[in-house]
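Trainee: predicted coordinates and the sequence they were generated for:
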Amino acid sequence: MTRRGTGGRVIPLSAGRRSGEKRSGPGRSGGERGGAAGSRGGGTVGGAVDFHLASCVAAAKVAGRVLLDHWGKRGALPIKEKGRNDFVTAADRRAEEAVLRLLRARFPDHAIVAEESGESRGSGASARGSRERRGSVGYRWFVDPLDGTTNYIHGVPLFGVSIGLADAEGMRAAAVFDPLREEMFTAARGQGAHLNGAPLKVARPGKLERALLVTGIPFRSLDRVDAYLASFRTFVHEAGGIRRDGSAALDLAYVACGRYDGFWEMGLSSWDVAAGSLLVTEAGGVVTDFTGRAGYVESGDIIAASPETHSDMLRVVRAAYRK
């Protein structure tokens, strides 16, 4: 629950069900499962991954500052409709520009996939030599400068910034930032997930009937809406409750920290799920597509939950999408 303090400042949510206990993930099976817990106080151990994670955090903070500068100016904020129920604001564009400047300055050879500007493959012209250029091949950033644009436009205080880096082995480092509550969710592969430096662990409700789920309405995939509604109907009967917040990145972050027990949505974009999926797996959860495989970044169909809850959710979603 949130409260407002003086000056309209949003007081942060509690960290949810967090744990500092060390754990070892069960490895990969079908989808992606959580890895080993990281070191205390942020989960970085130095070297390249440390710099990559620090860059995720820096980029998220840069975008967050831009979003706060424009927050609450609904009447004065230029808004463009990209598609049905799909909007972009000046805040989106300026936040993305700030992120791209930072990433291109630090990693000129890396590819970047960004919501508003699309994909850029990197300069390939680093002066640091061919050996380093070869080492950078395969790095790809996923940038969503404002996840929850409709909430942002309407003054609903649920939106965030999502920054993720992938390499040839999958997601490598990630940050999801809620600038209003100053909550920075971070993860690095094999080092655990953290919220403002405190280790995270997914919730283990045990049974689907005790699970609080979160979802998103597939307004861009109306040709598949009947299957989605079939899954929704089953979860209404079988789950403990369902919420819809309007930001996939924060939904995944909330699963990672145990505020929600599971998340499913279809037709998302790669930048919506890339960073958040690493948060969940590093917090001990499972993330797959609707077939139980690890194709969610490509398909945009995603289920993320604790191992037990995930199996129940996958059963429901598979049955709904077979009809």
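Mentor: Received it, and whenever you're ready, just let me know what you need.

Trainee: low-confidence ranges, the stretch 51-200 of the chain, go.
Mentor: Within the stretch 51-200 of the chain, the ranges that satisfy pLDDT under 70 run 75-76, 81-87, 123-137.

Trainee: can I get stretch 204-220 in PDB, CA atoms only?
Mentor: The C-alpha trace of stretch 204-220 is given here as PDB (Å, rounded to 0.1, in the frame of the first residue of the first chain):
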ATOM      1  CA  ARG A 204       5.800 -19.800  -2.700                       C
ATOM      2  CA  PRO A 205       2.100 -19.800  -2.100                       C
ATOM      3  CA  GLY A 206       2.000 -23.600  -2.700                       C
ATOM      4  CA  LYS A 207      -1.400 -23.800  -4.400                       C
ATOM      5  CA  LEU A 208      -2.900 -21.800  -7.200                       C
ATOM      6  CA  GLU A 209      -6.000 -21.100  -5.100                       C
ATOM      7  CA  ARG A 210      -3.700 -19.000  -2.700                       C
ATOM      8  CA  ALA A 211      -1.900 -17.200  -5.500                       C
ATOM      9  CA  LEU A 212      -2.400 -13.500  -6.400                       C
ATOM     10  CA  LEU A 213      -1.900 -13.200 -10.100                       C
ATOM     11  CA  VAL A 214      -1.400 -10.200 -12.400                       C
ATOM     12  CA  THR A 215      -2.000  -9.800 -16.100                       C
ATOM     13  CA  GLY A 216      -2.300  -7.400 -18.900                       C
ATOM     14  CA  ILE A 217      -5.200  -6.900 -21.400                       C
ATOM     15  CA  PRO A 218      -4.000  -7.800 -24.900                       C
ATOM     16  CA  PHE A 219      -5.300  -4.700 -26.700                       C
ATOM     17  CA  ARG A 220      -2.800  -5.300 -29.600                       C
END
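
Trainee: how far does it sit from the chain's center?
Mentor: 16 Å (Cα atoms, centre = their mean, to the nearest Å).

Trainee: what pLDDT, on average, does that stretch get?
Mentor: In this model, stretch 204-220 has an average pLDDT of 92.

Trainee: in it, which residues are buried?
Mentor: Neighbour counts over stretch 204-220 (16 or more other Cβ atoms under 10 Å) mark 204-205, 208, 211-216, 218 as buried. C-betas here are computed from N, CA, C, even on glycine.

Trainee: and residue 199, that's in a strand?
Mentor: Yes - Residue 199 forms part of a strand when assessed by DSSP: H, G, I helix; E, B strand; the rest coil.

Trainee: what's across from it in the sheet?
Mentor: As for beta bridges, residue 199 partners with residue 194 under DSSP bridges.

Trainee: that one is in contact with residue 186, isn't it?
Mentor: No - Residue 199 is not in contact with residue 186 according to Cβ atoms under 8 Å; the separation is 10.7 Å.

Trainee: and the helices in the stretch 151-300 of the chain?
Mentor: Remark: helices assigned in the stretch 151-300 of the chain by DSSP state H, counting those that start in this stretch are 225-238, 248-256, 270-282, 296-299.

Trainee: and the angle from the third one to helix 248-256?
Mentor: Going back to what we said before, that points to helix 270-282. Between helix 270-282 and helix 248-256, the angle comes out at 10 degrees (axes from the mean of the first three to the mean of the last three Cα atoms, to 10 degrees).

Trainee: centre of the chain to helix 270-282, how far?
Mentor: Worked out by Cα atoms, centre = their mean, helix 270-282 lies 4 Å from the chain centre.

Trainee: would you mind measuring from the most centrally placed residue in the chain to residue 79?
Mentor: Nearest to the mean C-alpha position of the chain, by Cα atoms, centre = their mean, lies residue 276 at 2.5 Å. Going from residue 276 to residue 79 by Cβ to Cβ, to the nearest Å gives 25 Å.

Trainee: try residue 296
Mentor: Residue 296 sits 29 Å away from residue 79, going by Cβ to Cβ.

Trainee: now do the lengthiest helix in the chain: which elements does it pack against?
Mentor: Longest helix in the chain, counting residues (DSSP state H): helix 47-70. Packing contacts for helix 47-70, counted by 3 or more Cβ pairs under 8 Å, 6 or more residues apart in numbering; DSSP states H and E, involve helix 90-106, strand 140-147, strand 160-167, strand 170-178, strand 183-188.

Trainee: how about the ones you listed in a markdown table, adding mean neighbour count?
Mentor: Converted to a markdown table, the helices and strands packed on helix 47-70 look like this (neighbours: other Cβ atoms under 10 Å):
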| stretch | mean neighbour count |
| --- | --- |
| helix 90-106 | 19 |
| strand 140-147 | 28 |
| strand 160-167 | 28 |
| strand 170-178 | 27 |
| strand 183-188 | 28 |
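
Trainee: would you format those as CSV with distance to residue 256 included?
Mentor: Below are the helices and strands packed on helix 47-70 laid out as CSV (distance: least, Cβ to Cβ, whole Å):
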stretch, distance to residue 256
helix 90-106, 22
strand 140-147, 15
strand 160-167, 13
strand 170-178, 9
strand 183-188, 7
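
Trainee: noted, bye for now.
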